[in-house]
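Engineer: I'll drop the sequence and a predicted model, then ask my questions.
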Amino acid sequence: MIPDIVLFIILALVAVASAVGMLFSKNAIYSALNLILNFSSVAVLYLILGAPFIALAQVTVYAGAIMVLFLFVIMLLGAERLRRSETLPYQQPVSIILAAILAVVAIYALLFRPLGIEAASVANPDFSSPAAMAEMLFNEYLLPFEVTSILLLVAMIGAIVLTRKRQRRVQR
Amino acid sequence: MDAALIIEWIIKSILLLVICITGFAYLTFYERKALARLQVRIGPNRAGPFGLLQPVADGIKLIFKEELIPEKADRLIFVLAPVVTVVPALVVLAVLPFGGVVNLFGREISLSVAGDVNIGILYITAITSISVYGIVLAGWSSNNKYAAMGGIRSTAQMISYELALGLGFIGPILLAGTMSLNGIVEGQRGMWYVVYQPLGVLVFMIATLAEVNRAPFDMPEAEQELTAGYHTEYSGMKFALFFMAEYVKMIAVSAIAATLFFGGYRGPFIDQVPWLGPIYLLIKVMILLFGMIWVRATLPRLRYDQLMAFGWKILLPVALLNVLLTAGVIMLFPGLGV
């Protein structure tokens, strides 16, 4: 039990530190690298909770595929040293309100609901096996799953349409 | 958790690292010898009997080379990049079964570092998906346009071929009904999956060649266009680390291909003598490695746009078709092959 808690505290520190580093680093490449570190430490947290499938999916999809694309775009555009762009006028107050709501919810969850590592991992040792996950996804949550996939497809088509238009304009 | 288990894990991990590093050294020798023979030359034969000490000589030479860091390079990332490249290559084989369960000093020991994990294949995809970072960061941090272009090219290439690679994994998963590599090897008790998955093997092999940046997909380091690509500015041991990553990855993907499609550690009399497992695996890996070297000696490099068009317009649809066919056949004829 004690090694678990020590590990959790270390991971939590790494996750928070890398998130802060992502926000405050001047260089966009360093921001992206911090975000990768953040995703990876969250993946290890899943591993501690006894959900290896989700942990590795997190690494493959977020720390791997998506962040590689982020880095790729940053490098391709040479956008690693961005000047401070002007912010929208309502951005700051809205973000402060949202952050406050998040903090309240988090404190509520911490104080009034006994979230513990035991509660999650004792439930059923097999709850996170790939077969169990698939069973859940394709039976109970089939509709949300399919809607998500259509959403992603639409986003992809959108990206293709946008690049198409630009090409045609260049040709004229 | 008892101490013996931890000691067992440590010994297995160290053994895996030693195997990977020795394998790297002698793979370079193997490649130079095989390439030389394919080109009607003799190859390295001066250091030691039959030139067997050549990798040692190369290593000593590289240790004594001067290490340069370009003045305008991003020093932290420049130094970290080779490490970030090597580590995924070294850890990817942790889930691979080198054999069944053997009895040693009265303990039942399974011949793989992580034991039998039910998400073995997912672990491999996770590691391959983060293995591109070292190359990209090396290219970017060198502050050299050739290196940067090599890095960007390799990102695009590895993302594109990773999809086909991932779909190539699905055939054996469907046939075995599990993501555990031990389960897949056991599923090939009757017949190797290469027989049921000819298309899958082809897609997998091509995608792995691209994934480890080997000829004819060695675009990130195309000498004629990019001097040396992402490792242009590297010298000494840092340069050697990039080479180590490439060759260890070659060994790793060959071992994975052997496990998924060619029966893994299984062979004649394996059930009676479990220690034959690593030997069978070694033989299969050697043959697959020879295939990779042969391809390098035979095929010219693809042009970059051809490479991308091939990956997206041919390889990916073929891989999808293979998944569809495999799933369809399993649905229509349950109990076939499984």
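Structural biologist: Nice, I can see it.

Engineer: Which positions in the stretch 151-300 of chain B make contact with chain A?
Structural biologist: Residues of the stretch 151-300 of chain B found near chain A (C-beta under 8 Å from any C-beta of the partner chain) are B:Gly151, B:Ile152, B:Thr155, B:Ala156, B:Met158, B:Ile159, B:Glu162, B:Met179. For every residue, glycine as well, the C-beta is placed using N, CA and C.

Engineer: got the contact list for the first one?
Structural biologist: The reference is to B:Gly151. Neighbouring residues of B:Gly151 by C-beta atoms under 8 Å, 6 or more residues apart in numbering or on different chains: A:Met75, B:Ile135, B:Val136, B:Leu137, B:Ala138, B:Gly139, B:Trp140, B:Pro220, B:Gly229, B:Tyr230.

Engineer: if you set the cut-off to 6 Å instead, what comes out?
Structural biologist: Going by C-beta atoms under 6 Å, 6 or more residues apart in numbering or on different chains, B:Gly151 touches B:Ile135, B:Val136, B:Gly139, B:Trp140, B:Tyr230.

Engineer: ok, the third one touching B:Tyr230?
Structural biologist: Yes - B:Gly139 lies in contact with B:Tyr230 (C-beta atoms under 6 Å); the separation is 3.9 Å.

Engineer: shared neighbours, those two?
Structural biologist: Listed as contacting both B:Gly139 and B:Tyr230 by C-beta under 6 Å, 6+ apart are B:Ala147, B:Gly150, B:Gly151.

Engineer: Those into CSV, with extra columns for secondary structure?
Structural biologist: Formatted as CSV, the shared contacts of B:Gly139 and B:Tyr230 follow (DSSP: H, G, I helix; E, B strand; the rest coil):
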residue, secondary structure
B:Ala147, helix
B:Gly150, helix
B:Gly151, helix
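
Engineer: Give me the neighbour count for B:Ser112.
Structural biologist: Neighbourhood size, B:Ser112 [other C-beta atoms under 10 Å in any protein chain shown]: 23.

Engineer: now chain A, which segments are flagged as low pLDDT?
Structural biologist: Applying pLDDT under 70 to chain A picks out residues A:1, A:79-87, A:112-128, A:165-172.

Engineer: which SSE is B:Val102 in?
Structural biologist: In the assignment (DSSP states H and E), B:Val102 maps to strand B:101-104.

Engineer: Pull up the pairing partners for the helix or strand following that strand, direction included.
Structural biologist: Moving toward the C-terminus from strand B:101-104, the next helix or strand (DSSP H and E) is strand B:107-110. If you go by DSSP bridges, strand B:107-110 pairs up with strand B:101-104 (antiparallel).

Engineer: Output the strand it pairs with as PDB, restricted to C-alpha atoms.
Structural biologist: Extracted in PDB, the C-alpha atoms of strand B:101-104 (Å, rounded to 0.1, in the frame of the first residue of the first chain):
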ATOM      1  CA  VAL B 101       8.100 -22.100 -19.200                       C
ATOM      2  CA  VAL B 102      11.300 -23.700 -18.100                       C
ATOM      3  CA  ASN B 103      12.400 -25.200 -14.800                       C
ATOM      4  CA  LEU B 104      15.500 -23.600 -13.400                       C
END
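
Engineer: outside of that strand, which residues touch it?
Structural biologist: Contacts of strand B:101-104 (C-beta under 6 Å, 6+ apart): B:Glu108, B:Ile109, B:Ser110, B:Pro274.

Engineer: B:Leu52: which of those is nearest?
Structural biologist: Ranked by distance to B:Leu52 (C-beta to C-beta), these are led by B:Pro274 at 30.0 Å.

Engineer: Look up the pLDDT of that closest one for me, please.
Structural biologist: For B:Pro274, the pLDDT comes out at 74.
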